[in-house]
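A.B. asks: Sequence and computational prediction follow.
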Amino acid sequence: MELFLFYLSAGICAVSTAMVITGVNALHSLLYLIVSLLAAAFIFYLLGAYFAALLEVIIYAGAIMVLFVFVVMMLNLGRQTIEQEKSWLNAKMWIGPSLLAALLLLELGYLFAQGQGTAIGQQVSAKQVGIALFGPYLLAVELASMLLLAGLVGAYHLGRPLERP
Amino acid sequence: MTVGSPLNVFGILFSVITVSALLIWVERRLIGIWQDRLGPNRLGPLGLMQVAADMIKIFFKEDWTPPFADRPVFFIAPAIIMIATLTGFVVIPFAPGIGVVDFNFGLLYFLALSSLSVYSVVLAGYVSNNKYALLGSLRAAAQTISYEVFMGLSVMGVVMLAGSFNLREIVEAQRDVWFCLPQIAGLVTFTIAAIAEMHRAPFDLPEGEQELVAGFHMEYSGMKFGMFFVGEYLSVTLNAAMMVTLFFGGWLGPAFLPPLLWFMLKTSLVIIFFILVRSALPRPRYDQLMSFGWKVMLPVTLLNLLVTGAAVLSTQH
């Protein structure tokens, strides 16, 4: 049953991601991206990482994607952009990415044939995640927070009101 | 993770939807009383049949889809708020033995679904292709994203005290003292954030009748509008139930009433409080709302987190 659910959510994830890339309407692409993130959260859940699954929904699907939608709303891309996007998506540009993706697929098939990586993981509690983050990976957390601070300062600099001469 | 029986599931679904539909009447009557007028009192006893009349009316209205709207998304948007709020009820512990699932990360699940329900409002406003609707949903996006942060932070104090994300364990941890006393700052910030998340008055800027006509649901008619309407009351019920679970001891109470009745009583009181807030407070300006959020709510929630963490640490050692 779990295996079936895994393949189902993985399938939804793959299909919706494909729709994100091939879509010409920016808003519809974003909606497919949200579905893809939800499917990825489901996969996390099936692997026993409940905490990561819920954070994926809260942070990626619930917050970051809303900002993306917000930006698309502000730009107000209309029919013109759809036509433009259509002209960009011709058959030739698919060759490179498909070759790379095919390589990844072969790799995945090889791994499956080895019979490894198919184990359903054990449950990870929120406490374990916290201990791992603030134990061995403390440096990475601090670096990420510095990066976020830099982003915050940059946004503040861009968004401050113009000084009157 | 245990799952409730089908009777449990359908009973909860039915009662939640009935309560939310009845709230339309309750709200109109209560606001009537507080504003020194009668409210709808003609149909049936106390005007109770008003709900049925409204339902019939809304079903027979013309369901019009504007030709300039993005049809598929226009159809999905009202469904999202219904689905997201109804699935939110899955983790609410109504009483011992009554509830749909007992999930270890119940609180996070609630936060996840309440953050997903934003899409309903944002998408509805954008695909309507109407400038007032667009303005409404722009406001909704910024407002809900900001207040979601404070909502998440304000409940973390409760999680620290209870030591669990499981809502049943959180209720059990309140046997000695309800968390509304040690977490008073958390309670106040959660209430404000919940009202902003539900975008109800006084924080109903996405709708803002006086300036945006009807805001995000302006182009919606018939039952699609009805879904937004009932969805709002569903989220009122959900947030009230959540507040009771987190801060007012859930089903706990003196033994002369059964646990389920205690839960329902407390939830109704919280809902009535939400209605009172709506009828008592004026709407702030949009920039006031945002700066209040980031300049007052954020420091208060962070300080509350700091103090609670220190208190928990010092009592443990």
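C.D. replies: Yes, it's here. Numbering: from 1, shown residues only, chains lettered A, B, ... in the order given.

A.B. asks: When you work out contacts or count neighbours from here on, use the C-alpha atoms and nothing else.
C.D. replies: Fine.

A.B. asks: so who does the spatially most central residue of chain A touch?
C.D. replies: Closest to where the C-alpha atoms of chain A average out (CA atoms, centre = their mean) is residue A:37, at 5.6 Å. Shown in contact with residue A:37 (CA atoms under 8 Å, 6 or more residues apart in numbering or on different chains): A:13, A:56-57, A:60-61.

A.B. asks: residue contacts, residue B:144?
C.D. replies: Per CA under 8 Å, 6+ apart, neighbours of residue B:144: B:115, B:118, B:196-197.

A.B. asks: same thing but 10 Å
C.D. replies: By CA atoms under 10 Å, 6 or more residues apart in numbering or on different chains, the contact list for residue B:144 reads A:63, A:66, B:114-115, B:117-118, B:121-122, B:150-151, B:193-194, B:196-199, B:206.

A.B. asks: Quick one: low-confidence residue ranges for chain B.
C.D. replies: Filtered on pLDDT under 70, chain B yields the residue ranges B:1-4, B:317.

A.B. asks: Please spell out which residues along the longest helix seen in it are buried.
C.D. replies: When chain B is scanned for its longest helix (criterion: DSSP state H), the result is helix B:131-162. Neighbour counts over helix B:131-162 (16 or more other CA atoms under 10 Å in any protein chain shown) mark B:132-162 as buried.

A.B. asks: where does chain A dip in pLDDT?
C.D. replies: Residues of chain A meeting the criterion pLDDT under 70: A:1, A:76-79, A:82, A:85-94, A:97, A:108, A:111-123, A:164-165.

A.B. asks: Show me the helices in it, by range?
C.D. replies: Taking DSSP H as the test, the helices found in chain A are A:2-22, A:26-46, A:50-55, A:65-75, A:79-88, A:95-114, A:126-134, A:138-159.

A.B. asks: do chain B as well
C.D. replies: B:6-34, B:50-60, B:71-88, B:106-116, B:118-127, B:131-162, B:167-172, B:184-197, B:209-212, B:222-247, B:259-280, B:286-292, B:298-316.

A.B. asks: Ok, which of the ones you listed comes nearest residue B:94?
C.D. replies: helix B:259-280 (6.2 Å; CA to CA).

A.B. asks: got the CA positions of that closest one in PDB?
C.D. replies: This file holds the C-alpha atoms of helix B:259-280, laid out as PDB (Å, rounded to 0.1, in the frame of the first residue of the first chain):
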ATOM      1  CA  PRO B 259     -16.200  16.700  28.000                       C
ATOM      2  CA  LEU B 260     -17.800  17.200  24.600                       C
ATOM      3  CA  LEU B 261     -20.200  19.700  26.100                       C
ATOM      4  CA  TRP B 262     -17.400  21.600  27.700                       C
ATOM      5  CA  PHE B 263     -15.600  21.800  24.400                       C
ATOM      6  CA  MET B 264     -18.700  23.000  22.600                       C
ATOM      7  CA  LEU B 265     -19.500  25.600  25.300                       C
ATOM      8  CA  LYS B 266     -16.000  27.000  25.200                       C
ATOM      9  CA  THR B 267     -15.900  27.100  21.400                       C
ATOM     10  CA  SER B 268     -19.200  28.900  21.300                       C
ATOM     11  CA  LEU B 269     -18.000  31.500  23.700                       C
ATOM     12  CA  VAL B 270     -14.800  32.100  21.700                       C
ATOM     13  CA  ILE B 271     -17.000  32.400  18.500                       C
ATOM     14  CA  ILE B 272     -19.200  35.000  20.200                       C
ATOM     15  CA  PHE B 273     -16.100  36.900  21.200                       C
ATOM     16  CA  PHE B 274     -15.000  37.000  17.500                       C
ATOM     17  CA  ILE B 275     -18.400  38.300  16.600                       C
ATOM     18  CA  LEU B 276     -18.200  40.900  19.400                       C
ATOM     19  CA  VAL B 277     -14.800  42.000  18.100                       C
ATOM     20  CA  ARG B 278     -16.300  42.500  14.700                       C
ATOM     21  CA  SER B 279     -19.100  44.600  15.900                       C
ATOM     22  CA  ALA B 280     -17.100  46.700  18.300                       C
END
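
A.B. asks: how close does the residue lying closest to residue B:92 once chain neighbours are set aside get to residue A:20?
C.D. replies: Nearest residue to residue B:92 in three dimensions, chain neighbours excluded: residue B:99, at 6.3 Å (CA to CA, 6 or more residues apart in numbering or on different chains). Going from residue B:99 to residue A:20 by CA to CA, to the nearest Å gives 37 Å.

A.B. asks: Residue A:100 too?
C.D. replies: In terms of CA to CA, residue A:100 sits 18 Å off from residue A:20.

A.B. asks: More neighbours: these two, which one.
C.D. replies: Comparing residue A:100 with residue A:20 by other CA atoms under 10 Å in any protein chain shown, the one with more neighbours is residue A:20, at 22 against 10.
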